[in-house]
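> this one's sequence-less:
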Ligand SMILES: Cc1cc2nc3c(=O)[nH]c(=O)nc-3n(C[C@H](O)[C@H](O)[C@H](O)COP(=O)(O)OP(=O)(O)OC[C@H]3O[C@@H](n4cnc5c(N)ncnc54)[C@H](O)[C@@H]3O)c2cc1C
């Protein structure tokens, strides 16, 4: 099960003998190493995940099932997702006839991710999901994210937007949209930011006007919208914050709307264009496989939206998805930090340079692998501890969410877990995003010149 890539230019990792796939490192043909042993330790030995089977909602996720999901999920990340990473980042997304085109190599992993159930692992079984605990979804997503963060963003945003419809939509909206989103037929987004309203979301100018038939006319510009449009799916469903005419200023006056790019008919077929225009895509420093778009809603006065939740309560509804996105951002820090650590470790084991510190005066001393040098070891140990710290923090947070999902609101533990999540979620985003960058920077150092070049 352990695959090796032919060496190219500089030392590459050796395959590792692997008797117990689920509890050992897995190494791939794309040089993606996932620390299955560590993930297993956190979930099983530290968080005692199997206790969740005592709750009705997770009763099917016993140890054996979770191990099988982890093993297969990591195999999917390695075999199907990771091969698309380099090419999709190199080619990036582009605009063609006013629509966004994703790199061709994203198509298969996108399709298979939804078809095989990996994308919607945490979604409700009622709506085509697997109903797995958030911590199990996080573990599989660590692999998908390390394999291709742009693809992971598609999965997370689409199922996150579907969950908004599930939590706040009418029965009609649920019927029309959720299943299609959880199957990847429809892509999903979250639209908060505007050109002059970033951190200050409450300064948003996008407006909504009741049409009298239960729908609203949406008008405004949203910027920085991840996966704002794509040819990977047949339609894109936007979750848009807008102010209903006459509503208070600031976040207290924002409402949440479901706004499809193309209208969906009663029978589920696609209808007319809903006056949503892709104005441009950002030329980012990285993450090129995930398009970040500027969108114009209702330039022709014909964009219709459907209210999710109550009027003026949009911000608190949107927080459900924003909190998921915070964990998603933190996961990019962990997944990329971990991948960078494993690459640096493999390189340090093989790259021969200099002599051992105890033999610096011996001109005949043999050259050693750089992992023998204390400074390199120090860098590697720092990376390892940061990666393990990020993983522990993130998985414990997902575990608190799992508890919350199972607990009755009257249970005294419900409030404790809810407060714990309020504290941990922003901490995860802030700390893991920064620490992930630190870890990658140290990996670049260990890799020397190779760290600053592409294959
Ligand atoms: C890759 C990418 C994907 C994104 N995806 C989405 C998406 O899907 N949907 C979406 O709605 N948005 C998205 N965003 C937008 C993102 O949420 C905003 O960039 C973010 O909210 C910050 O807004 P801004 O860029 O306008 O920065 P500004 O708000 O202009 O902030 C600039 C700087 O000033 C600081 N600052 C601002 N206000 C204060 C204050 N009061 N006190 C102290 N410091 C302050 C900020 O921390 C920052 O350092 C994305 C952005 C990127 C880069």
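Here it is on my side, so go on. Worth saying up front: this structure is predicted, and the values here are computed from it rather than measured. Numbering: from 1, shown residues only.

> Would you map the strands across the stretch 351-455 of the chain?
Secondary structure of the stretch 351-455 of the chain (DSSP state E, counting those that start in this stretch): strands located at 352-355, 367-369.

> Same question for the stretch 101-250 of the chain.
With DSSP E, counting those that start in this stretch as the criterion, the stretch 101-250 of the chain has strands at 186-191, 207-210, 215-226, 235-244.

> I'd like to know which elements the last one is packed against.
So the one you mean is strand 235-244. Taking 3 or more C-beta pairs under 8 Å, 6 or more residues apart in numbering; DSSP states H and E as contact, the helices and strands that strand 235-244 lies on are helix 149-168, strand 186-191, strand 207-210, strand 215-226, strand 254-260, strand 292-297, strand 304-308, helix 314-350. Heads up, the C-betas are built off the backbone N, CA and C, glycines and all.

> Now mean neighbour count too, for these, in a markdown table please.
Converted to a markdown table, those look like this (neighbours: other C-beta atoms under 10 Å):
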| stretch | mean neighbour count |
| --- | --- |
| helix 149-168 | 25 |
| strand 186-191 | 26 |
| strand 207-210 | 19 |
| strand 215-226 | 22 |
| strand 254-260 | 26 |
| strand 292-297 | 22 |
| strand 304-308 | 23 |
| helix 314-350 | 22 |
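
> Nearest to the ligand, out of those?
Nearest to the ligand among these is strand 215-226 (3.4 Å), distances taken as C-beta to the nearest ligand atom.

> Quick one: mean pLDDT over the closest one.
Regarding strand 215-226, the rounded mean pLDDT is 98.

> so what secondary structure elements neighbour that strand?
Applying 3+ C-beta pairs under 8 Å, 6+ apart, one finds that strand 215-226 contacts strand 186-191, strand 207-210, strand 235-244, strand 254-260, strand 292-297, strand 304-308.

> give the contact list for residue 160.
Counting by C-beta atoms under 8 Å, 6 or more residues apart in numbering, residue 160 makes contact with 188, 190, 321, 324, 325, 328.

> The third one: what's it in contact with?
Shown in contact with residue 321 (C-beta under 8 Å, 6+ apart): 160, 161, 163, 164, 190, 239.

> Distance of the fourth one relative to residue 258?
Taking C-beta to C-beta, to the nearest Å as the measure, residue 164 falls 8 Å from residue 258.

> joint contacts of the two?
What both residue 164 and residue 258 touch, as defined by C-beta under 8 Å, 6+ apart, is the set 239, 308.

> rewinding a little: adding distance to residue 81, write the helices and strands packed on strand 235-244 out as JSON lines.
Formatted as JSON lines, these follow (distance: least, C-beta to C-beta, whole Å):
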{"stretch": "helix 149-168", "distance to residue 81": "6"}
{"stretch": "strand 186-191", "distance to residue 81": "17"}
{"stretch": "strand 207-210", "distance to residue 81": "38"}
{"stretch": "strand 215-226", "distance to residue 81": "18"}
{"stretch": "strand 254-260", "distance to residue 81": "28"}
{"stretch": "strand 292-297", "distance to residue 81": "20"}
{"stretch": "strand 304-308", "distance to residue 81": "31"}
{"stretch": "helix 314-350", "distance to residue 81": "11"}
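
> So which of these is nearest residue 410?
helix 149-168 (20.1 Å; C-beta to C-beta).

> Which residue, other than its chain neighbours, is closest to the residue in the chain positioned nearest to the ligand?
Closest residue of the chain to the ligand, C-beta to the nearest ligand atom: residue 198 (1.9 Å). Of all residues not flanking residue 198 in the chain, residue 224 sits nearest, at 7.6 Å (C-beta to C-beta, 6 or more residues apart in numbering).

> any idea how the chain splits into domains?
21-165, 187-313, 318-452 (automatic domain parsing).

> So which bits of the protein are right by the ligand?
Listed as neighbours of the ligand in the chain under the rule C-beta under 6 Å from any ligand atom: 190, 191, 192, 193, 198, 199, 224, 225, 226, 284, 287, 292.

> quick one: which two of those are the most distant?
The widest separation within these (C-beta to C-beta) is 20.1 Å, between 199 and 287.

> Compare neighbour counts for these two and give me the winner.
Set side by side, residue 199 and residue 287 show more neighbours around residue 287, with 17 against 7, by other C-beta atoms under 10 Å.

> Is that one in a helix, a strand, or coil?
coil (DSSP: H, G, I helix; E, B strand; the rest coil).

> who's in contact with it?
By C-beta under 8 Å, 6+ apart, the contact set of residue 287 is 89, 149, 150, 153.

> could those residues be laid out in a markdown table, adding pLDDT?
Formatted as a markdown table, the contacts of residue 287 follow (pLDDT from 0 to 100):
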| residue | pLDDT |
| --- | --- |
| 89 | 94 |
| 149 | 95 |
| 150 | 96 |
| 153 | 96 |
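
> Mind picking the two most distant members of the residues you listed?
Maximum distance among the contacts of residue 287 (C-beta to C-beta): 12.7 Å, for 89 and 153.

> sorry, back to before: distance to residue 368 for the strands of the stretch 101-250 of the chain - can I get that in TSV?
Formatted as TSV, the strands of the stretch 101-250 of the chain follow (distance: least, C-beta to C-beta, whole Å):
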stretch	distance to residue 368
strand 186-191	51
strand 207-210	67
strand 215-226	45
strand 235-244	54
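
> just so I know, which of those strands lies nearest residue 420?
Taking the strands of the stretch 101-250 of the chain one by one with C-beta to C-beta, strand 186-191 is closest: 24.1 Å.
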